[in-house]
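# Prediction below, plus the sequence it came from.
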2 protein chains.
Amino acid sequence: MRDFLPEDVRRREYVIGVIKEVYERYGFEPLETPAVENIETLMGKYGEEGNQLIFKILKRGVHESTGEADLALRYDLTVPLARVVAEYRDKLPKFFKRYQIQPVWRADRPARGRFREFYQCDVDVLGSKSMVVEAEICAAASEVLTALDFTDFTIRLNHRQVLTGLLKKFGIAHDKESEALVAIDKREKTGDAGVFKELMLRGVPKDAAFKTQAFFTRTSKLNEDYQDVVGALGSEAREKIVTSVNEQVNGALLSQLKEDLSEDEVVQKGLTELESIINLTKANGSAPRIRIDPGLARGLSYYTGAIMEISVAGIGSLGGGGRYDNLVGMFLGQDVPACGFSLGLERIIVVMTERGMFPLNLMSSPADVMVTIWNEDSIDESIALAHDLRSAGLRVDLYPEADKVSKQFKYASSRGIRFVLVLGDDERARGEVAIKDMGSGEQRSLRRWEVAPVIRDWRLD
Amino acid sequence: MRDFLPEDVRRREYVIGVIKEVYERYGFEPLETPAVENIETLMGKYGEEGNQLIFKILKRGVHESTGEADLALRYDLTVPLARVVAEYRDKLPKFFKRYQIQPVWRADRPARGRFREFYQCDVDVLGSKSMVVEAEICAAASEVLTALDFTDFTIRLNHRQVLTGLLKKFGIAHDKESEALVAIDKREKTGDAGVFKELMLRGVPKDAAFKTQAFFTRTSKLNEDYQDVVGALGSEAREKIVTSVNEQVNGALLSQLKEDLSEDEVVQKGLTELESIINLTKANGSAPRIRIDPGLARGLSYYTGAIMEISVAGIGSLGGGGRYDNLVGMFLGQDVPACGFSLGLERIIVVMTERGMFPLNLMSSPADVMVTIWNEDSIDESIALAHDLRSAGLRVDLYPEADKVSKQFKYASSRGIRFVLVLGDDERARGEVAIKDMGSGEQRSLRRWEVAPVIRDWRLD
């Protein structure tokens, strides 16, 4: 787990600020839940591996010595949401649109870019089965990344029911479905041939494994052709082409799937939903980002409909989500349709740092100006000057001791503070302040009332 | 532990926003530390009671069954700060001025206004023994409360070394000191006579207990006279009088203490520091708030110098702090002077809610405007309208289903959304939008491009 020093916090707050601003414009409201949940709320919701990775809290007081746990740290933001919806049903609107940006904890082995405490940024809409929800969520997540200056991302879209139908058609039995999904999820790492091997290893019959592999080879051929076309283009032309190619690939895939799985009603409904999402996103501008990917599986078992993931070329996933119409029912005893999306804050920050995407002024100094202390007798005058400038809205550091002035200048310089003010005997006698611009080295005297406007002008430059 | 629904989050974020803004103007920088610390970092830092109240986390994996804990939840923000300073010494400036606003966890029995998860808002300055630090901290905390619209608060100021000297003079042995501090701390609840009783109960000799009680009766007499004078005044006159009375009471108390404890050098140094703080705060405007209170003890044992607490009449403490020059040394093996102040976010929010101090627009609706859906065929037009208005910076909710329009209006009304837009067949044919002002009931048609400016104008009203 990590400490965030000031510069880190500023980076994080910048990203979180953008996410909040976009989500608020989409009519999402903030929710916060406690870090600690009852252990029964969490256990059994994330599979066997999840149970292992949950941080469990010892009972307190006389029960401490039992070694038993009754509480646990939040593992994601979706299960707490489901609990909240069940608990506050009457206080919440029919369509509950919330965003939540808080840390979660997993006892994973730490690795590069993977931490045991990390933030999730979730949006979810509860209460509607309409595909308008999926379209809104795709647009909102897409707009967050655009606002952060990402240009090269794709929203991969698939449907759990379509995936299930496909596997059934290929001859994969229901009890091997989740094993098969894992193999398919690894496709980007293992390649198409690897999928075949992995399926066999996991006990899928040869014939079924072969059909599955053949299908994904065929669909990924479409993707490769697409990459070839797009890769050859300049960045301006690319935008237009991506839109049109995405549209063609999506159309081709959907009709192929419709034909291949024409006898399966559940699949047909899923395909209609995907079509509907693509059509609706044409109205909100996110359609050009969307690409149907029949191989997108997403690990979590609670998804029931559309699933999506945002990927950046050469980087991988920055977030994902989907529809889960049954999860709230586990708490409420009555199903509430739901669909959500989670952005990976840590991943976004890592990529933005590597690519130099943060605004320059974020990295600036802790203060606009530093006030020095001339000597013991004039400390109060330095304090008063700092006070006036703060009242004028400036961020002011005050050197706390009557050290040698040269030492104070050195300190300001090491802190990257642009202006340093000195109230020497002469300046005080004249009601003036000496100001040094540490950038240009220029030094001059100003009347006291001129100081704030001069520094404010510089800030606006 | 509590869930914060949207309205609660908005209140909290408003207060946190004000605190950050003020602290940044004072040159403090943000720090964040993980919720979880190694258990050895926390144990033994908060006394025996503290050890009991720490939430401890079970070892994971094969060690889970041992029932042992190796991690624990953050109990305050000061010990993690000390750890950070020891760990990152070389990366931090000579004077490290940080603020930190994060939750802490204590396994206290929950009570009204006391929670097991609560936020602390800390500022600390590390690296200087100068009383300029105390003066800056008093001013910053005072400015936060003023910015939140508190007018009736007092900064009570005392000094640990003065307190120790007093107790010694009264005949309270060193090993009874912390017991005596608890009795004195309870003075507001038990009254002066109660202090005597409590001291006796805790094994302080009768003579010492009597002297202690007599002293606090005398000093609190000064306070009562002060309350009588101030209570009789109108609010405008009060401000001036408070300033002058505080100055007189402070002066009287300091000279009395100087005389009473003239033989104790350590105490004299403490008194000089208090005088110095009062003089320096005259330059930053917080002096009128400061009142010397020789009975202020503050629970934590790590304070070494000035201690302070902000109280509101009839409410009690909203925060407190002081100098602790030895705590960092416990981690670093080398002392680093330090002084800090912690504001109680939960308490501030409770008081502000009771007194109706939150700005009205905070309680407003989740969106500026809601777009309805006329019928299945025009969903995309509603989505496009919502998209345009969001791009224009408005907060827009989109009803997700093609329900009866009357039902959609009812929903907007229940959500407190001011404007509702309808794209009926006629409006669409004319390139217009029907807008209903749910406040006045007025409905009219606008050209599409007029919608955003009309709503924006209303927002600015």
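Ah, there it is. All of these numbers come straight from a predicted model, not from anything done at the bench. Numbers count the residues shown, from 1 in each chain, chains lettered A, B, ... in the order given.
# Can you report phi and psi for the single nearest residue of the stretch 301-450 of chain A relative to chain B?
Residue of the stretch 301-450 of chain A nearest chain B, by C-beta to the nearest C-beta: A:Asp397 (3.4 Å). Where C-beta positions appear, they are placed from N, C-alpha and C, glycine not excepted. Note on A:Asp397: backbone dihedrals following degrees, to the nearest 10 are phi -100, psi 140.
# you'd agree it is up against A:Arg415?
Yes: here A:Asp397 lies in contact with A:Arg415, judged by C-beta atoms under 8 Å, at a distance of 7.3 Å.
# what about these two, which has more around it?
A:Asp397 (26 against 18; other C-beta atoms under 10 Å in any protein chain shown).
# gap between that one and B:Leu343?
To B:Leu343, A:Asp397 is 21 Å away according to C-beta to C-beta, to the nearest Å.
# likewise A:Asp108?
From A:Asp108 over to B:Leu343 (counting by C-beta to C-beta), the distance is 35 Å.
# higher neighbour count, those two?
Higher neighbour count among A:Asp108 and B:Leu343: B:Leu343, with 26 against 14, using other C-beta under 10 Å.
# How about the contacts made by the closest residue to chain B within chain A?
In chain A, the residue that lies nearest chain B is A:Gly67 (1.8 Å; C-beta to the nearest C-beta). A:Gly67 makes contact with A:58, B:58, B:65-68 under the criterion C-beta atoms under 8 Å, 6 or more residues apart in numbering or on different chains.
# Doesn't A:Lys20 lie inside a helix?
Yes: counting by DSSP: H, G, I helix; E, B strand; the rest coil, one finds A:Lys20 located in a helix.
# correct me, but it touches A:Val123?
No: between A:Lys20 and A:Val123 there is no contact under C-beta under 8 Å: 10.7 Å.
# between these two, what contacts are shared?
Common neighbours of A:Lys20 and A:Val123, using C-beta under 8 Å, 6+ apart, are A:Tyr99.
# So which of these two has more stuff around it?
Using other C-beta under 10 Å as the criterion, A:Lys20 and A:Val123 rank with A:Val123 on top: 26 against 17.
# Enumerate every residue touching the closest residue to that one other than its chain neighbours.
What sits nearest to A:Val123 in space, not counting adjacent residues and going by C-beta to C-beta, 6 or more residues apart in numbering or on different chains, is A:Tyr99, at 4.8 Å. Residues in contact with A:Tyr99 (C-beta under 8 Å, 6+ apart) are A:19-20, A:23-24, A:28-31, A:121-123.
# Kindly report the same for A:Gly27.
Contacts here follow C-beta under 8 Å, 6+ apart; on that basis A:Gly27 touches A:97, B:366-367, B:370, B:395-398.
# Also A:Thr66?
So A:Thr66 contacts A:59, B:67 (C-beta under 8 Å, 6+ apart).
# Next up, phi/psi of it, please.
With angles defined as degrees, to the nearest 10, A:Thr66 sits at phi -70, psi -20.
# How confident was the prediction at it?
Note on A:Thr66: pLDDT of 90.
# still on that earlier bit, quick check: neighbours shared by A:Asp397 and A:Arg415?
Common neighbours of A:Asp397 and A:Arg415 (criterion: C-beta under 8 Å, 6+ apart): A:366-367, A:370.
# So which of these reach chain B?
Filtering those for neighbours of chain B using C-beta under 8 Å from any C-beta of the partner chain leaves A:366-367, A:370.
# Including pLDDT, secondary structure and neighbour count, could the residues you listed go into TSV?
As requested, these are exported to TSV (pLDDT from 0 to 100; DSSP: H, G, I helix; E, B strand; the rest coil; neighbours: other C-beta atoms under 10 Å in any protein chain shown):
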residue	pLDDT	secondary structure	neighbour count
A:Pro366	89	coil	21
A:Ala367	94	coil	27
A:Met370	97	strand	26
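# Does A:Ile57 lie in a helix or a strand, and which?
Using DSSP states H and E, A:Ile57 sits within strand A:56-58.
# That strand near chain B anywhere?
Yes: applying C-beta under 8 Å from any C-beta, one finds strand A:56-58 touching chain B at A:56-58.
# Can you give the distance from that strand to the centre of its chain?
Chain-centre distance of strand A:56-58: 28 Å, with C-alpha atoms, centre = their mean, to the nearest Å.
# Run through who's touching that strand.
A:36, A:39, A:64, A:67-73, B:55-58, B:64, B:67, B:69, B:73.
# Restricted to helices, list those residues.
A:Ile39 (DSSP state H).
# hmm, which of the contacts of strand A:56-58 are the buried ones?
For the contacts of strand A:56-58, a burial check counting by 16 or more other C-beta atoms under 10 Å in any protein chain shown picks out A:36, A:39, A:67, A:69, A:71-73, B:55-58, B:67, B:69, B:73.
# Next up, the contacts around A:Gly285.
The contact partners of A:Gly285, by C-beta under 8 Å, 6+ apart, come to A:139, A:142, B:387.
# Which of these are buried? Put it as a PyMOL command.
Entered in PyMOL, the line below selects the buried ones among the contacts of A:Gly285, by 16+ other C-beta under 10 Å:
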select buried, (chain A and resi 139+142) or (chain B and resi 387)
